[in-house]
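curious how this folds, go ahead:
(one chain, ligands or ions: 1)
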Amino acid sequence: MSRFFSERYAELTPYEPGEQPQDQTYVKLNTNESPFPPSAKAIERAAQAAGRLQLYSDPDVRILAKKLADKFGVEPGNILVGNGSDEILNFAFMAFCDEDTPAVFPDVTYGFYPVFAQIHHIPYVEMPLREDFSVDKKDYFDAGGTIFLANPNAHTGVALPRADIEEIVRANPDNVVIIDEAYVDFGAETCVDLAAKYDNVLVVQTMSKSRSLAGARLGYGIACKALITDMNTLRNSTNPYNINSMTMAAAEGVLEDEEYTAANCRKVMENRDFTVRELQRLGFELTDSVGNFIFMKHPDVDGGHIYETLKAKGVLVRHFTKERIAQYNRVTIGSREQMEVFIRTLEEIVNR
Ligand code: PMP
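Below you'll find the model as predicted:
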């Protein structure tokens, strides 16, 4: 820390992203990316846009916002496009929380939520999940703050039914409820319709997972116009050109190729079923994940040891040190070939 660093941030512990090794030596199952390349349409569109990079990108993201609005049956004014869904979440913390309005989220969830809270000096409540890592909806009735629920939840993949989320929304007419649907396309129920129905719901999605655009950085929020306007005020006060032209074009291309996305999601779900069966055969305990990842622990082999040994053998997964989940590893569902290598390598470790 330099002697010039503002006192405001002296205590901040930054978010720690998963490792991104720059060589190809690992079977990389640690950051929930898609194993499939972006749609050919996305690549073609991005290449065309590269030839116009002397111009600023459209600050109103009009073409893409219209395409997203059409897809979800809402109006462009109900959409905010962000540099990854992380940026939308950041705006949501800034817009809908403050010293008197805490953020409320589960004790096991996306690790960026407490960091967003800290950077903006927002108090937060970490609501314990049940023993099986499911959310008890009653914990969020009259939450007394802004609710952030990843659905399916990060790390565990456990999802709440849409009807339970609607109950939470109805029980909190004076609190904003943010549903982070980063992993919704792999088997959970979306709450986009709730964003159209209630004035206190923001649904956040990303093109980083099911749409293979993690490196392009594209996320979006869907909400009533008033909530979108609030977040837009913050966007226009920080970076009105938050989406670069190549990413915008790639995202437009992706939305013109929804069959490709659907086929990739089906493959991931098939590979998830295969992986779950194999892990159960090896004696692992698993949460009921409907994400593009599984969350596993072995009754006899230490979670940290599994992570380290897999890494030494060329398979990268994600291990978190937080006490409640320190025995677990989170493993992204990759291609069938990747999952076969993962299982073979794991078998060597647990059968030693
Ligand atoms: N929400 C959740 C639950 C996530 O796991 C992630 C990715 N790690 C994000 C949001 C952010 O994704 P992105 O910024 O790539 O859209």
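
all contacts plus neighbour counts: C-alpha atoms, from now on.
Will do.

kindly check the end-to-end length of stretch 197-209 for me.
Using CA to CA, to the nearest Å, one end of stretch 197-209 lies 26 Å from the other.

sorry, slip of the keys, the one I care about is stretch 45-56.
17 Å.

contacts for that stretch?
When contacts are defined by CA atoms under 8 Å, 6 or more residues apart in numbering, stretch 45-56 is touched by residues 241, 244, 245, 246, 247, 248, 249, 250, 252, 253.

what about the fifth one, which SS state?
Classification of residue 247 by DSSP: H, G, I helix; E, B strand; the rest coil places it in helix.

how about it, nearest residue that isn't a chain neighbour?
Excluding its sequence neighbours, the residue lying closest to residue 247 (CA to CA, 6 or more residues apart in numbering) is residue 216, at 5.4 Å.

how many neighbouring residues does residue 250 have?
27 (other CA atoms under 10 Å).

equivalent analysis for residue 128, please.
By the criterion of other CA under 10 Å, residue 128 has 15 neighbours.

can you pull the contacts of the residue nearest to it when sequence neighbours are not counted?
Nearest-residue entry for residue 128: residue 107, 4.9 Å, with adjacent residues in sequence omitted and distances by CA to CA, 6+ apart. Counting by CA under 8 Å, 6+ apart, residue 107 touches 126, 127, 128, 129.

got the phi/psi numbers for residue 107?
phi -70, psi -30 (degrees, to the nearest 10).

pLDDT of the one helix or strand residue 195 maps to, averaged?
Using DSSP states H and E, residue 195 falls within helix 192-197. The pLDDT scores in helix 192-197 average 97.

helices or strands up against that helix?
Contact here means 3 or more CA pairs under 8 Å, 6 or more residues apart in numbering; DSSP states H and E; on that basis helix 192-197 packs against strand 201-206.

residues making contact with the strand it packs on?
84-85, 88-89, 169, 176-182, 191-192, 194-195, 218-224, 227.

just checking: what are the partner strands of that strand?
strand 177-180 (parallel), strand 219-222 (antiparallel) (DSSP bridges).

name the nearest residue to the residue of the stretch 201-350 of the chain found nearest the ligand, sequence neighbours excluded.
In the stretch 201-350 of the chain, the residue that lies nearest the ligand is residue 206 (4.4 Å; CA to the nearest ligand atom). Distances taken as CA to CA, 6+ apart place residue 219 nearest to residue 206, at 4.1 Å, with adjacent residues excluded.

burial measure for the residue of the stretch 201-350 of the chain closest to the ligand, as a count.
Neighbours of residue 206 under the rule other CA under 10 Å: 27.

for it, give me the pLDDT.
In this model, residue 206 carries a pLDDT of 98.

give the buried residues for the helix or strand harbouring residue 337.
Using DSSP H and E, residue 337 sits within helix 336-350. Residues of helix 336-350 classed as buried by neighbour count (16 or more other CA atoms under 10 Å): 336, 338, 339, 340, 342, 345, 346.

re the thing from before, roughly how far does the residue nearest to residue 128 sit from the ligand?
13 Å (CA to the nearest ligand atom, to the nearest Å).

likewise for residue 196?
Counting by CA to the nearest ligand atom - residue 196 and the ligand are separated by 21 Å.

right, I'll leave it there.
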